[in-house]
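**Student:** sharing a model prediction with you, sequence too.
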Amino acid sequence: MFEVPAAKRTLKQNVFEFKIGTKAYTVPKFEYLPVGVLETIEATAADAVGPFLDVFGAKDSAVGKAVRTLDKDQLIALIKAWQVDSDVTVGESKGS
């Protein structure tokens with residue numbers, strides 16, 4: 001019987017670190033996101049930002065609450081930095 005290996009999304013080299021104000025946060029890099037989040041992102045239009053909110057955390061999580069306080073331009077800058085760090089661009093997936 002196949003046993004699914006443990007997730008590697010919490011290993012230091014597999015996370016993106018950022019700060020909002022004085023508080024530091026981490027989120028998984030693109031390839032370590034849960035499949036449901038990847039599915040949403042990969043179906044997202046290039047100019048959409050809403051679906052990326054789940055990358056940074058659920059509404060009730062500390063990081064999710066912090067990210068939801070940002071202005072749109074701040075969120076776009078954060079998304080772009082996460083994409084660069086993850087070595088992925090909008091519209092790109094591992095299968096493309």
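**Tutor:** Ah, there it is.

**Student:** buried ones in the lowest-mean-pLDDT helix or strand in the chain?
**Tutor:** The helix or strand of the chain with the lowest confidence, counting by mean pLDDT, DSSP states H and E, is helix 35-42 at a mean of 87. Within helix 35-42, the residues that qualify as buried are 38, 40-41, counting by 16 or more other CB atoms under 10 Å. Any C-beta I mention is one placed from the backbone N, CA and C, and that applies to glycine too.

**Student:** where exactly do the strands run in the protein?
**Tutor:** Along the chain, the segments classed as strands by DSSP state E run 15-20, 23-28.

**Student:** isn't residue 32 up against residue 13?
**Tutor:** No - using CB atoms under 8 Å, residue 32 is not in contact with residue 13, being 10.0 Å away.

**Student:** which one's more surrounded, these two?
**Tutor:** Comparing residue 32 with residue 13 by other CB atoms under 10 Å, the one with more neighbours is residue 32, at 18 against 7.

**Student:** now for the residue most central in space within the chain: which residues touch it?
**Tutor:** Centroid-nearest residue in the chain, with CA atoms, centre = their mean: residue 55, separated by 3.2 Å. Taking CB atoms under 8 Å, 6 or more residues apart in numbering, we find residue 55 in contact with 27, 33, 37, 41, 79, 82.

**Student:** how about residue 19?
**Tutor:** Counted by CB under 8 Å, 6+ apart, residue 19 has contacts residue 25.

**Student:** understood, closing this out.
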